[in-house]
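Novice: Requesting a structural model of the entry that follows:
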Amino acid sequence: MKKQTQPANGSSHETLPANPPATRLRSKFYFRSIRSRFLFWILLVSLLPLLALITAVYHDTSRLIREDGVDKLVAIRDLKANQIDSWAEANISHLNTIANDPLIRSFQISAVDDQTGDDFTESLKNIAKRLRNYLTAYHDIKDILLIGAEDARVYASAAGQADGTDWSEDPVFTEPMSTGTTSMTEATFSETLQIPSITLSTPVFGPAGDGEIIAILATQIDLRHSLYKLTNNRIGMGETGETLLVDQQGRAISELRWRENPKLTVMITAAPAVQSGHGATGTIEAQDYRGEMVLAAYTYIEAMGWGLVSKQDTEELYAPVTEMTRMGVFLFLFISMVTSVIGIAIAFFMSRRIKELCEVTRHIGSGDLTRTAPISGGDEITELASHTNEMVCKLSISRRELESFSYSVSHDLRAPLRGIDGFSQILLEDYEDKLDEEGKSLLREIRTCSTEMGTLIDALLALSRITRKDLEMEKVDLSAIARTVLDKFQKDSPEREVDVSIQSGLIVRGDRTLLTSALSNLLGNAWKFTGKTSQAAIAFGATSKNGETVFFVRDNGAGFSMEYASKLFGAFQRLHAQADFPGTGIGLANVQRIVTRHGGRIWADGEKSKGATFYFTLEIRGFE
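Specialist: This is a model prediction of the structure:
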């Protein structure tokens with residue numbers, strides 16, 4: 001019993017084999033019309049140079065902006081480095097000026113006899129007053145300390161907060177005492193003064209000129225009102241520019257624009273800061289301590305042992321490029337739109353006559369030889385139209401000759417065949433008693449051959465009628481036709497059990513009679529070649545490939561070797577013995593002509609003893 005299934009409407013998941021050679025090239029890249037090809041080349045020729053120009057301008061502008069940014073940041077970096085060097089030299093100069101003050105240098109001499117007497121006390125008061133005067137004169141200095149060389153005790157302080165404290169273990173005292181030169185501490189947060197500061201210290205030599213160190217003079221520099229004014233001056237650095245200082249360990253020793261650093265505890269591991277702290281000088285595009293991409297110029301200030309980085313966000317730096325890109329895209333789209341409109345107009349004008357000629361050839365291909373191509377002008381299209389009309393004239397003559405030949409075949413050849421068959425029958429009936437068995441067998445063979453000859457003549461006539469028949473285009477339900485054809489086969493062979501699958505909703509425009517003939521041939525072959533297969537299966541459906549609807553008839557019957565696939569659609573070409581699978585060998589030739597007349601293609605895929613699948617297309621796009 002036949003089992004029939006009908007999948008829901010839509011494309012089947014049939015896996016298609018490689019397309020025939022003519023289709024492979026087309027499936028890679030092709031235009032559906034000269035108009036689209038012409039429009040494509042207009043857009044390509046006009047927009048490609050524009051795109052190249054915009055790209056070149058973009059890269060050139062980006063390069064120039066980056067170079068300008070580098071030059072600007074390098075200039076700011078070098079300026080800041082020079083300013084910091086000058087700032088350090090000025091503070092060292094101030095320290096030396098104070099240390100060389102005669103009153104300061106007379107400190108020890110005043111205290112030789114009695115450090116508790118009135119004279120010594122008065123001397124310290126005078127020194128402290130002098131230190132306060134210097135504190136007023138030098139605004140960068142927060143406090144000035146005079147430390148005795150013998151006991152490392154503070155004897156005088158401009159701020160009056162450190163008198164009497166012991167500095168014997170502090171580098172502020174020990175460094176200048178051991179080297180006899182000026183020293184500088186690291187930038188730190190002073191818990192006493194509650195400010196970020198550095199301390200400069202230098203030995204005070206006695207007035208005798210013998211190099212005796214009588215005291216250590218130290219100045220505490222307030223970084224907020226001196227150094228930070230230099231680093232926080234961001235003129236020319238935009239909304240995101242910043243100059244920062246780090247020590248050799250990467251600790252930020254300046255105020256940060258984007259992070260609080262009141263006690264100088266922020267560690268920076270960004271590449272520009274690390275490289276500058278290690279003594280390098282250069283430029284780099286990298287992430288900063290926020291993780292933002294910046295363009296940075298960095299250097300090492302040897303006198304201070306600090307790294308200096310001047311940087312600016314690349315987003316802000318390249319903002320003109322971004323705006324230019326936005327304008328370039330807008331310009332490109334606008335010109336594309338204008339060019340498309342102009343191109344469509346030109347393409348329509350240029351392709352109109354070609355389209356008219358295509359319409360004529362389409363009618364000619366469907367068998368209508370009454371249409372002729374319009375001839376106007378003297379260009380190549382006119383010449384092509386003239387050749388087309390000549391071809392139509394020749395085809396008309398060939399058709400009339402073919403019709404005449406068909407008439408001759410139908411009448412002139414059939415009469416002798418009827419005579420041969422009739423006389424053979426008379427001999428068998430009237431002279432049966434005079435013929436031996438071999439004679440009777442030969443006469444029956446003659447009658448069989450006559451019948452087969454008549455069948456072949458009928459097939460030839462049917463093939464010629466397919467070519468001559470005018471197409472009557474209408475909506476055709478291929479699914480319904482397939483169902484009707486297979487139902488008839490099942491009624492004719494009720495003993496067979498075939499699993500049939502028909503995809504529903506396969507509706508096309510075409511000639512109903514010819515498409516019914518084509519499906520009958522394809523399904524008839526599937527039915528015939530599964531006759532010796534247990535658990536036979538036949539399927540009819542469609543799938544979509546590259547926007548094209550491909551129909552298929554699949555079976556699991558005798559199949560064929562792909563080596564002989566090229567012979568399938570030739571007239572009287574057979575791949576199986578007549579005794580195994582009878583037939584005229586003309587059916588697939590009919591199918592090919594029908595499909596071709598509908599603007600489609602047909603090809604097959606198979607394997608011997610494993611079945612075959614026939615694929616065909618029609619001049620449609622998807623299902624209606």
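Novice: contacting residues for residue 476?
Specialist: Counting by CB atoms under 8 Å, 6 or more residues apart in numbering, residue 476 touches 507, 508, 509, 510, 511, 512, 515. To be clear about C-beta, it is placed using only N, CA and C from the backbone, and glycine gets the same treatment.
Novice: hmm, try it at 6 Å
Specialist: By CB atoms under 6 Å, 6 or more residues apart in numbering, the residues touching residue 476 are 508, 510, 512, 515.
Novice: Check whether residue 593 sits in a helix, strand or coil.
Specialist: With DSSP: H, G, I helix; E, B strand; the rest coil as the basis, residue 593 sits in helix.
Novice: Ignore what I typed, I meant residue 240.
Specialist: coil.
Novice: again, but for residue 500
Specialist: Going by three-state DSSP: residue 500 is strand.
Novice: Looks like it contacts residue 487 (just checking).
Specialist: No. With contact defined as CB atoms under 6 Å, residue 500 does not reach residue 487; the gap is 9.2 Å.
Novice: okay, these two: which has more neighbours?
Specialist: For residue 500 versus residue 487, neighbours defined as other CB atoms under 10 Å are more numerous around residue 500 (23 against 13).
Novice: Test of understanding: give the bridge partners of the more buried one.
Specialist: residue 4, residue 538 (DSSP bridges).
Novice: For residue 382, pull up the helix or strand it's in.
Specialist: Assigned by DSSP states H and E, residue 382 falls within helix 380-408.
Novice: no no, residue 218
Specialist: Per DSSP H and E: strand 213-222 holds residue 218.
Novice: Give the pairing partners of that strand; include direction for each.
Specialist: strand 141-148 (antiparallel), strand 195-205 (antiparallel).
Novice: tell me which residues in the helix or strand just after it are buried?
Specialist: Next helix or strand after strand 213-222 toward the C-terminus (DSSP H and E): helix 227-231. By neighbour count on 16 or more other CB atoms under 10 Å, the buried set for helix 227-231 is 227, 228, 230, 231.
Novice: Contacts for helix 227-231, please.
Specialist: Residues from elsewhere that reach helix 227-231 (CB under 6 Å, 6+ apart): 83, 243, 254, 255.
Novice: Could you rerun that using 7 Å?
Specialist: By CB atoms under 7 Å, 6 or more residues apart in numbering, the residues outside helix 227-231 that reach it are 80, 83, 84, 87, 243, 244, 245, 254, 255.
Novice: helices or strands next to whichever helix or strand comes after that helix in the packing?
Specialist: The helix or strand immediately downstream of helix 227-231 is strand 242-246, counting by DSSP H and E. Applying 3 or more CB pairs under 7 Å, 6 or more residues apart in numbering; DSSP states H and E, we find strand 242-246 packed against helix 227-231, helix 271-277, strand 306-313.
Novice: could you say what helices and strands the last one packs with?
Specialist: Applying 3+ CB pairs under 7 Å, 6+ apart, we find strand 306-313 packed against helix 34-99, strand 242-246, helix 271-277, strand 293-301.
Novice: Could you pull up the mean pLDDT of the first one?
Specialist: Right, helix 34-99. Per-residue pLDDT values across helix 34-99 average out to 88.
Novice: centre of the chain versus it, how much separation?
Specialist: From the chain centre to the centre of helix 34-99 is a distance of 28 Å (CA atoms, centre = their mean, to the nearest Å).
Novice: Show me which positions of stretch 240-255 end up buried.
Specialist: Of the residues in stretch 240-255, 240-247, 250-255 count as buried by neighbour count, 16+ other CB under 10 Å.
Novice: looking at the helices and strands packed on strand 242-246, which is buried most?
Specialist: Highest mean neighbour count of these: strand 306-313, a mean of 26 (counted as mean count of other CB atoms under 10 Å).
Novice: per-residue confidence at residue 312?
Specialist: At residue 312, pLDDT is 95.
Novice: burial of residue 486, as a residue count?
Specialist: Using other CB under 10 Å, residue 486 has 23 other residues around it.
Novice: Repeat that for residue 158.
Specialist: 26.
Novice: Can you give me the neighbour number for residue 285?
Specialist: Residue 285, neighbours per other CB under 10 Å, totals 16.
Novice: so it touches residue 295, yeah?
Specialist: Yes. Assessed by CB atoms under 7 Å, residue 285 is found in contact with residue 295 at 5.2 Å.
Novice: Surely residue 354 touches residue 379?
Specialist: No. Using CB under 7 Å, residue 354 makes no contact with residue 379, being 11.0 Å away.
Novice: Please say which of those two ends up with more neighbours.
Specialist: When neighbours are counted by other CB under 10 Å, residue 354 comes out ahead of the other of residue 354 and residue 379, with 16 against 10.
Novice: between the one helix or strand that one maps to and strand 306-313, how big is the angle?
Specialist: Assigned by DSSP H and E, residue 354 belongs to helix 319-365. Helix 319-365 runs at 40 degrees relative to strand 306-313, counting by axes from the mean of the first three to the mean of the last three CA atoms, to 10 degrees.
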